[in-house]
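Engineer: Return atomic coordinates for the entry below.
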Amino acid sequence: MPQGDKSSYTDKQKRQAKHIEQGYEKKGVSKDEAKRRAWATENKISGGGKKH
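Structural biologist: The predicted structure follows:
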């Protein structure tokens, strides 16, 4: 699996990351930086990809 591949994440994790990304964008963070931060935050919350 190449670095950056999001296929191992659940739909819930993807939805949460998208919501986090939108929050960063509202604060004025660039699109690319918001996406990077959102996935970093999601990884911190959930511990990464699928766990079950």
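
Engineer: In which helix or strand does the residue positioned nearest the centre of the chain reside?
Structural biologist: Centroid check for the chain by C-alpha atoms, centre = their mean gives residue 39 as the closest residue, at 2.6 Å. Per DSSP states H and E, residue 39 falls inside helix 31-46.

Engineer: Could I have the CA atoms of that helix written out in PDB?
Structural biologist: The C-alpha trace of helix 31-46 is given here as PDB (Å, rounded to 0.1, in the frame of the first residue of the first chain):
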ATOM      1  CA  LYS A  31      -6.800  23.300   1.400                       C
ATOM      2  CA  ASP A  32      -3.700  21.100   1.300                       C
ATOM      3  CA  GLU A  33      -2.600  22.000   4.800                       C
ATOM      4  CA  ALA A  34      -6.100  21.500   6.100                       C
ATOM      5  CA  LYS A  35      -6.200  18.000   4.500                       C
ATOM      6  CA  ARG A  36      -2.800  17.100   6.000                       C
ATOM      7  CA  ARG A  37      -3.800  18.300   9.500                       C
ATOM      8  CA  ALA A  38      -7.200  16.600   9.300                       C
ATOM      9  CA  TRP A  39      -5.700  13.200   8.600                       C
ATOM     10  CA  ALA A  40      -3.000  13.700  11.300                       C
ATOM     11  CA  THR A  41      -5.800  14.600  13.700                       C
ATOM     12  CA  GLU A  42      -7.900  11.500  12.700                       C
ATOM     13  CA  ASN A  43      -4.800   9.300  13.100                       C
ATOM     14  CA  LYS A  44      -4.300  10.700  16.600                       C
ATOM     15  CA  ILE A  45      -7.900  10.100  17.600                       C
ATOM     16  CA  SER A  46      -8.400   6.600  16.100                       C
END
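
Engineer: So for it, mean pLDDT?
Structural biologist: The average pLDDT for helix 31-46 rounds to 94.

Engineer: Can you point out the buried residues in it?
Structural biologist: 34-35, 37-39, 41-42, 46 (16 or more other C-beta atoms under 10 Å). The way it works is simple: take the backbone N, C-alpha and C, and place the C-beta from them, glycine included.

Engineer: Appreciated, that's everything.
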